[in-house]
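Visitor: I'd like to go over a predicted model; first the sequence, then the structure.
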Amino acid sequence: MSATYPDVKHIYQNHTLDTTRWERFTPRSDDIVIATPYKSGTTWMQMIVMNLIFQDFQVRPLWEYSYWLDSRFMPLDDVIAALDQQPHRRFIKTHLPLDGLPYHPQVKYIVVGRDARDVFMSLWNHHSNFTKELHSFINTLPGRIGHPFPRCPEEIRDFWQQWMTVGWFEWETEGYPYWSNLHHVQSWWDYQHLPNLLFVHFNDLLADLPAEIQRIADFLDIALSPETLATISAAVSFENAKQNAEQLLPGAEQTWKGGATTFINKGTNGRWREILTDDDLRLYETTAARELTPDCRRWLENGRP
């Protein structure tokens, strides 16, 4: 690739991720990749794109339609076979930074961002509610690279300290015990000039969901009538997602205490203001200043003007 296009610089392999799985991926000309660090609106965007593709407003199990290719949790042969057999327009999930993901000019990439402090609050709910069975599954799955996936600290601010100051990979400085959050977003933001990348912010989805769905549909070259837009907007609302959580994420009780309704938790922002201290926020300021360019930071904290 020339300097205009991204190239793979790092191999991400740990308890959850494996970059090399993408080497088996053969893109189609109409593929969609939904790219998020984590806890930034991944499931929400999968729901939006699924409804844009099918437009029949059925509640479908996301994990059977939108595969997380870089996850080690499902045998790669099974994932590739399932993707090859999908007759509809495919929408694949990734949690990889762009410096670890093979780039394809014919693929449409939707990058979802959220203020890191809001990501953290959602991640705490996610991480602290993992079942013992999930930890055992992750750590005994053959082929794991690196240290075992650790249990969650007892105190939320201990988790913040780790997450803000320690990286899992040697080229990262934040994100432990997962992978980077801020570096991840910056890796995509550096290539915002590419016409096949669309940046969508969690705040903007909250502020004007129909307008953002229309923007996503335009990017994907999907025609929408006003009536269909209104129906999709209602179908992917947080209230509907919470109500249909078990259908969207069947089997989630094996992963989280409380199952799918724990995973689809609050859908709100700003809860960090009641939790993080001035010292905690100084850690954020230091890390954000190091990892993000000023324009990326403005977008990540606020969304579109």
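Guide: Cool, got the structure. Numbers count the residues shown, from 1 in each chain.
Visitor: residues in contact with Ser237?
Guide: Neighbouring residues of Ser237 by C-beta atoms under 8 Å, 6 or more residues apart in numbering: Leu209. To be clear about C-beta, it is placed using only N, CA and C from the backbone, and glycine gets the same treatment.
Visitor: local confidence estimate at it?
Guide: On pLDDT, Ser237 comes in at 83.
Visitor: measure it to Ile213 for me?
Guide: Between Ser237 and Ile213 the distance, using C-beta to C-beta, to the nearest Å, works out to 11 Å.
Visitor: what of His10?
Guide: 33 Å.
Visitor: more neighbours, these two?
Guide: The neighbour comparison of His10 against Ile213 (other C-beta atoms under 10 Å) goes to Ile213, with 24 against 16.
Visitor: before we move on, what SS does that one have?
Guide: Following DSSP: H, G, I helix; E, B strand; the rest coil, Ile213 is assigned to helix.
Visitor: does it touch Ala230 like I think?
Guide: No. Applying C-beta atoms under 8 Å as the test, Ile213 and Ala230 come out as separate, 9.7 Å apart.
Visitor: and the helix or strand containing Asp158, what does it pack against?
Guide: Per DSSP states H and E, Asp158 falls inside helix 156-165. Secondary structure elements in contact with helix 156-165, counted by 3 or more C-beta pairs under 8 Å, 6 or more residues apart in numbering; DSSP states H and E, are helix 116-128, helix 278-291.
Visitor: got a list of contacts for the last one?
Guide: Counting contacts by C-beta under 8 Å, 6+ apart, the residues outside helix 278-291 that touch it are 116-117, 157, 160-161, 164-165, 173-174, 180, 182-183, 186, 276, 297.
Visitor: compare these and tell me which has the most neighbours.
Guide: In terms of neighbours by other C-beta under 10 Å, these top out with Ala116 at 27 neighbours.
Visitor: identify the residues contacting that one.
Guide: Neighbours of Ala116 in contact, by C-beta under 8 Å, 6+ apart: 181-182, 284, 288, 300.
Visitor: per-residue pLDDT, Lys257?
Guide: Per-residue confidence (pLDDT) for Lys257: 53.
Visitor: Tyr38 belongs to a helix?
Guide: No. Under three-state DSSP, Tyr38 sits outside any helix and is assigned coil.
Visitor: relative to Met164, how far out is it?
Guide: 15 Å.
Visitor: Phe137 too?
Guide: From Phe137 across to Met164, the span is 28 Å (C-beta to C-beta).
Visitor: could you report the neighbour count for the nearest residue to Ala217 once chain neighbours are set aside?
Guide: Among residues not flanking Ala217 along the chain, Leu224 sits closest, at 4.9 Å (C-beta to C-beta, 6 or more residues apart in numbering). Neighbourhood size, Leu224 [other C-beta under 10 Å]: 18.
Visitor: contact partners for Gln106?
Guide: Contacts for Gln106 were tallied using C-beta under 8 Å, 6+ apart; they are 27-29, 31, 196.
Visitor: one more time with 10 Å, if that's ok
Guide: 27-31, 196 (C-beta atoms under 10 Å, 6 or more residues apart in numbering).
Visitor: who wins for most neighbours among those residues?
Guide: Neighbour counts for the contacts of Gln106 peak at Asp31, which has 18 neighbours (criterion: other C-beta under 10 Å).
Visitor: pretty sure that residue contacts Lys108?
Guide: Yes. Using C-beta atoms under 10 Å, Asp31 is in contact with Lys108, at 7.2 Å.
Visitor: anything in contact with each of the two?
Guide: Taking C-beta under 10 Å, 6+ apart as the contact rule, the neighbours common to Asp31 and Lys108 are 89, 91.
Visitor: before we move on, back to that, who wins for neighbours among the contacts of Ala116?
Guide: Within these, Asn181 tops the neighbour count with 28 neighbours, counted by other C-beta under 10 Å.
Visitor: the residue nearest to that residue when sequence neighbours are not counted: how many residues sit nearby?
Guide: Using C-beta to C-beta, 6+ apart and skipping the chain neighbours, the partner closest in space to Asn181 is Pro37 (4.5 Å). Around Pro37 there are 27 other residues, counting by other C-beta under 10 Å.
Visitor: against Val166, how distant is Pro37?
Guide: Distance from Pro37 to Val166, counting by C-beta to C-beta: 16 Å.
Visitor: also Asn139?
Guide: According to C-beta to C-beta, Asn139 stands 19 Å off from Val166.
Visitor: re the thing from before, so which of the contacts of Gln106 comes closest to Gln55?
Guide: Nearest to Gln55 among the contacts of Gln106, counting by C-beta to C-beta, is Asp30 at 15.4 Å.
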